[in-house]
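*Asks:* sharing a model that was predicted from the sequence below.
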Amino acid sequence: MMASPIKAAAAIISIGFVSMSTFTRAVERALLFTNARTCTSIVASPGSRFFTSSSQILHLTKHRRFSPHLRNHPAKQPNRKFYPTRIHLYRKFHDYGWDKLMLDNDAEIDTVPEELKSNTSPAKGAPQGTNVVVNVRSISQFPCLAADTKNDAGNSEVLRLARSAFLETQSATSEALINPMTIHVLNFVLFPSPHIRDGNHIDGENCDYLGLPIFGADIVSLPGNKHLVALDFQPVLPLDSDDGGKGKSSLFPRQYLHLERKLQTIHSKYQKSGPDSTPLLPWGGDIPPLAQRFFSPYALWTRLGNDNAIKTVNTVVWDAFQEYTDLYLELISAVQDDVNLGKLVIGARIDSNNPVLNGQIEYLKYRRTNDPARPMLQRLYGNEWAERVIGGILFPDL
């Protein structure tokens, strides 16, 4: 059993599988723990193990990945030359994902109401001007996919929604403060359309819906040098269990199993190891039964808390995030190609017998009800703002 409220919060924040009262107490104590200390001395001191030189920043950020299968669209080639590593701990993750999805700084397709796009709360006990800042983003149009615009139904894009919540502790000069006493969070999720069907069998009750997984990335840093990472292609249809259940035998639709094999290889690189080696990202612990429904066999779920935790986030986790993001968009691009070729169709009507639609509805309901960030957002930004963001932007009704 975990001995401190910080550890308790660390065990549950990115998964959302324990009682809300337990989480509320843990986070409130964690926030009080944070507010009682200042946030500048560790990051600023060259003698500290958290100090990072410019040469280290360049070394850690010189590698960038872009999926070779994505189209040659401006949205696929970000203008940034590198992503800063220590100035903004998770901003480079945030920017990488969004640069793959849309034209840089294209605010016209962002669907978040102006009053919900950002919020600021003073970091109590920290130097004057230190704030905990959150930014929320959401789009439902994807110029990067090059969908067939001649589709009369007007719903030919394979992705239906992408959204993120990005929270970081910032100094008076709006630079992120990176040390063991600050809070940094990124939640980045991509939802595919639940209405994709086989183009050759689009009528009747037995039409085959394409059960594409949801892409979910939760990367969290809590006071006490606790870092949590959950990257996954989250299933919306039940998968076969070890005891011979009646779910699907694979996560991906059969025509894309070659990409599932690639995902298996990537996953093994980070969380599998030989008898004499330690995984790059050790498994973070058992997932309770209620949450297992939405985890795939390829979930990267880890907890970091040693002296090298921040370095691991900036190197190993960064590499894993890029590989998972690239592969998911490679899958989406392949499905979009098949839609454009007529092999698959995206229906407009709501089918109550659609298991993929019902699976996404269940996922959204579960996440709305069990969102572990709710107590933190309410404490920092108020109940009304937090509920509007959680229910209307992050996990909206279908």
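*Replies:* On my side now, so go ahead. Quantities reported herein were computed from a predicted structural model and do not represent experimental measurements.
*Asks:* so S296 touches S250, yeah?
*Replies:* No: using C-beta atoms under 8 Å, S296 makes no contact with S250, being 10.2 Å away. Quick note: C-beta positions are derived from backbone N, CA and C, even for glycine.
*Asks:* overlap in contacts of those two?
*Replies:* Counting by C-beta atoms under 8 Å, 6 or more residues apart in numbering, the contacts common to S296 and S250 are L239.
*Asks:* now the helices: where do they sit in the stretch 251-398 of the chain?
*Replies:* Under the criterion DSSP state H, counting those that start in this stretch, the stretch 251-398 of the chain contains helices at 257-271, 289-292, 309-312, 318-340, 355-370, 374-381, 383-389.
*Asks:* lowest average pLDDT across these?
*Replies:* Of all the helices of the stretch 251-398 of the chain, helix 289-292 carries the lowest average pLDDT, namely a mean of 85.
*Asks:* any buried residues in it, and which?
*Replies:* Neighbour counts over helix 289-292 (16 or more other C-beta atoms under 10 Å) mark A291 as buried.
*Asks:* and if you look at stretch 168-178?
*Replies:* E168, T169, Q170, S171, A176, L177, I178.
*Asks:* test of understanding: give the bridge partners of the first one.
*Replies:* So that's E168. Under DSSP bridges, the beta-bridge partners of E168 are V133, H184.
*Asks:* on that earlier part again, which of the helices of the stretch 251-398 of the chain sits closest to K226?
*Replies:* helix 309-312 (8.1 Å; C-beta to C-beta).
*Asks:* against which helices or strands is the closest one packed?
*Replies:* Helices and strands touching helix 309-312, by 3 or more C-beta pairs under 8 Å, 6 or more residues apart in numbering; DSSP states H and E, are strand 226-234.
*Asks:* and the strand it packs on, which strands flank it?
*Replies:* strand 214-222 (antiparallel), strand 300-304 (antiparallel).
*Asks:* what comes into contact with the first one?
*Replies:* Read that as strand 214-222. By C-beta under 8 Å, 6+ apart, the list of residues contacting strand 214-222 reads 6, 9-10, 13-15, 30, 89-90, 93, 97, 182-192, 227-234, 236, 310, 313, 317, 321, 324-325, 328, 360, 363.
*Asks:* which ChimeraX command selects the buried ones in those residues?
*Replies:* Selection command for ChimeraX covering only the buried members of those, criterion 16+ other C-beta under 10 Å:
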select :6,9,10,13,14,15,30,89,90,93,97,182,183,184,185,186,187,188,189,190,191,192,227,228,229,230,231,232,233,234,236,310,313,317,321,324,325,328,360,363
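*Asks:* stretch 376-395: which residues count as buried?
*Replies:* For stretch 376-395, the neighbour count (16+ other C-beta under 10 Å) marks 376-381, 385-386, 389-390, 393-395 as buried.
*Asks:* out of these, who's nearest G284?
*Replies:* Comparing the buried residues of stretch 376-395 against G284 with C-beta to C-beta places M376 closest, at 19.4 Å.
*Asks:* and the gap between the closest one and P223?
*Replies:* Separation of M376 from P223 (C-beta to C-beta, to the nearest Å) stands at 11 Å.
*Asks:* can you check the pLDDT for the closest residue to A334 other than its chain neighbours?
*Replies:* Among residues not flanking A334 along the chain, Y256 sits closest, at 6.1 Å (C-beta to C-beta, 6 or more residues apart in numbering). With respect to pLDDT, Y256 has a value of 96.
*Asks:* try N225
*Replies:* On pLDDT, N225 comes in at 88.
*Asks:* next one: P372
*Replies:* pLDDT for P372: 87.
*Asks:* same check, this time on S193
*Replies:* 95.
*Asks:* so what's the residue count around it?
*Replies:* S193 has 23 neighbours, counted by other C-beta atoms under 10 Å.
*Asks:* can you check the one 5 residues further on too?
*Replies:* Residues within reach of D198, counting by other C-beta under 10 Å, total 16.
*Asks:* show me what it is bridged to.
*Replies:* Beta-bridge pairing for D198 (DSSP bridges): L344.
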